[in-house]
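Novice: Below are the sequence and a predicted model for it; my questions follow.
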Amino acid sequence: MASPPARIAAAASNVVGKVFHGGVADLRPMPRVLLDQGPNRSLYRLTHGAAKQDGPPILLVPPLAAPALCFDLRRGCSLAEHLVDGGRNAYLVDYGNVAFSDRRLGIEHWIDDVLPRAIRKVSEDSGGQGVHLVAWCLGGIFALLTAADQADLPIESITTIAAPFDFTAIPLIAPFRPLVDLTGGHLLTPFYRLLGGAPSGIVSRVFKVTGINKEITKPLAILKNLDDRDYLAQIEAVDHFMDNMIAYPGRTFGQLYHRFFRANDLAEGSVDLGGRIIALSGVKVPTLVIAGQNDTIAPRGAVERLVELLENAPSVRFETAPGGHLGVLTGRKARHTTWRYIDEFLDSQVAA
């Protein structure tokens with residue numbers, strides 16, 4: 001532990017950084033090259049400059065509502081940076097902003113168009129190689145549904161992080177079920193139809209509520225750790241992430257609400273999209289499943305259910321790592337846990 005004078009000097013330096021330089025976090029995004037664009041799709045190759053990375057391609061797949069910077073939170077705590085620094089050939093798909101005009105877009109848009117086009121373009125850009133998908137939260141659900149529905153896509157493996165598949169195992173939403181049942185499932189329907197979805201401001205507030213204890217104690221935590229630049233930088237980066245939340249399109253939000261939350265389709269291994277059934281038994285690639293040990297949005301039970309559903313995947317590996325919903329992906333401990341699991345899994349696929 002540093003001496004008291006050293007801690008005081010560090011705290012003073014951090015205060016100067018926060019007050020006079022706008023903060024202590026390095027929020028510069030990783031250098032990237034735009035490869036392809038389309039509706040709700042910007043595909044980037046991540047780089048250290050002009051040089052192209054070698055090796056099997058990895059596509060980072062974000063969820064809806066959360067910005068793609070979830071994979072590139074800040075320098076020193078960025079999964080994107082970690083992959084590129086490790087010499088891996090990494091790509092990122094970004095859905096951009098969601099407007100009221102996008103309210104008619106459903107889940108089909110992402111699993112029929114956005115992700116398949118991105119996957120094929122990544123494969124093409126890397127010389128026809130198969131693509132390894134690394135996805136967070138709803139991005140993991142979309143990645144698996146895409147793989148299950150389109151077996152001809154060049155997908156080599158899938159890693160899901162904090163992706164829930166049994167919504168009855170989420171204590172956070174359990175108190176709302178009786179009210180939903182009482183209203184015949186139409187509790188939220190008038191609101192998301194009127195608003196064209198779930199606005200970004202509401203999404204951000206809901207996300208913050210899940211960590212309300214940390215929000216309340218944050219000022220005290222900052223004072224206690226005023227000499228810890230990395231700690232302060234992480235708080236700044238998470239605040240920046242929260243300030244950039246994106247809206248859910250109306251139809252997609254309705255499908256999530258009725259098919260995932262109410263009917264809990266995914267827990268049974270399939271989802272009904274307007275009479276079109278997509279079964280997770282169609283996933284036939286190795287899969288890594290990671291759950292956060294302190295995740296209230298996608299707790300272990302909700303995530304681990306997936307392991308039982310991938311009956312035709314050649315291998316399924318399940319791991320837990322410290323952190324809440326965002327922390328398990330890109331918290332300070334993720335560097336030595338989640339990211340290590342991803343590295344080991346990707347290396348095992350290459351060796352195979």
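Specialist: Structure's in. What do you need? As the structure is a computational prediction, the values presented were derived from the model and not from experiment.

Novice: use CA for all of it now, contacts and neighbours both
Specialist: Noted.

Novice: excluding its backbone neighbours, what's nearest Ser42?
Specialist: Using CA to CA, 6 or more residues apart in numbering and skipping the chain neighbours, the partner closest in space to Ser42 is Asp94 (5.1 Å).

Novice: My guess is the one you found contacts Ala68. True?
Specialist: Yes: Asp94 is within contact range of Ala68, at 5.6 Å (criterion: CA atoms under 8 Å).

Novice: Look up the residues that both of these two are in contact with.
Specialist: Each of Val61, Pro62 lies in contact with both Asp94 and Ala68 under the rule CA atoms under 8 Å, 6 or more residues apart in numbering.

Novice: that older thread, next, give phi and psi for the residue nearest to Ser42.
Specialist: phi -120, psi 130 (degrees, to the nearest 10).

Novice: Okay, Leu326 and Pro67: tell me how far apart.
Specialist: For Leu326, the distance to Pro67 (CA to CA, to the nearest Å) stands at 12 Å.

Novice: what's the answer for Ile290, then?
Specialist: 20 Å.

Novice: Looking at these two, which one has more neighbours?
Specialist: A count of neighbours by other CA atoms under 10 Å puts Ile290 above the other of Ile290 and Pro67, at 25 against 22.

Novice: Tell me the bridge partners for that one.
Specialist: Ile161, Glu319 (DSSP bridges).

Novice: could you pull out the helices for the stretch 251-352 of the chain?
Specialist: Here the stretch 251-352 of the chain has its helices, by DSSP state H, counting those that start in this stretch, at 300-309, 327-330, 338-351.

Novice: So which elements touch the second one?
Specialist: Meaning helix 327-330. strand 287-292 (3 or more CA pairs under 8 Å, 6 or more residues apart in numbering; DSSP states H and E).

Novice: And the strand it packs on, what does it pack against?
Specialist: By 3+ CA pairs under 8 Å, 6+ apart, strand 287-292 packs against strand 155-161, helix 300-309, strand 316-321, helix 327-330, helix 338-351.

Novice: mind listing the strands for this structure?
Specialist: Applying DSSP state E to the chain gives strands spanning 32-38, 41-46, 57-61, 89-94, 131-136, 155-161, 197-198, 248-249, 270-273, 276-279, 287-292, 316-321.

Novice: Indicate which one of the ones you listed is closest to His240.
Specialist: Closest approach to His240 among these is made by strand 89-94 (16.9 Å; CA to CA).

Novice: if I look at Leu92, how far off is Gly55?
Specialist: Leu92 is 16 Å from Gly55, where distance means CA to CA.

Novice: should've said Gly292
Specialist: 29 Å.

Novice: pLDDT below threshold where in the protein?
Specialist: Along the chain, segments meeting pLDDT under 70 span 1-21, 49-53, 100, 171-224, 227.

Novice: At the geometric centre of it, which residue do we find?
Specialist: The centroid of the chain falls nearest to Trp136 when counting by CA atoms, centre = their mean (2.7 Å).

Novice: Which residues are in contact with it?
Specialist: Val61, Pro62, Pro63, Thr160, Ile161, Ala162, Ala163, Leu329.

Novice: returning to what we had before: looking at the helices of the stretch 251-352 of the chain, which one is packed in the most?
Specialist: Ranked by mean neighbour count, those are led by helix 327-330 with a mean of 26 (mean count of other CA atoms under 10 Å).

Novice: How far does that one sit from its chain's centre?
Specialist: Here helix 327-330 is found 9 Å from its chain centre; the criterion is CA atoms, centre = their mean, to the nearest Å.

Novice: residues in contact with that helix?
Specialist: Contacts to helix 327-330, defined as CA under 8 Å, 6+ apart, come from residues 70-71, 73, 77-79, 136, 161-162, 291-293, 295, 321-323, 333-334, 338.

Novice: hmm, back to that, any chance of the helices and strands packed on strand 287-292 in CSV, plus distance to His132?
Specialist: Shown next, in CSV, are these (distance: least, CA to CA, whole Å):
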stretch, distance to His132
strand 155-161, 5
helix 300-309, 18
strand 316-321, 14
helix 327-330, 17
helix 338-351, 8
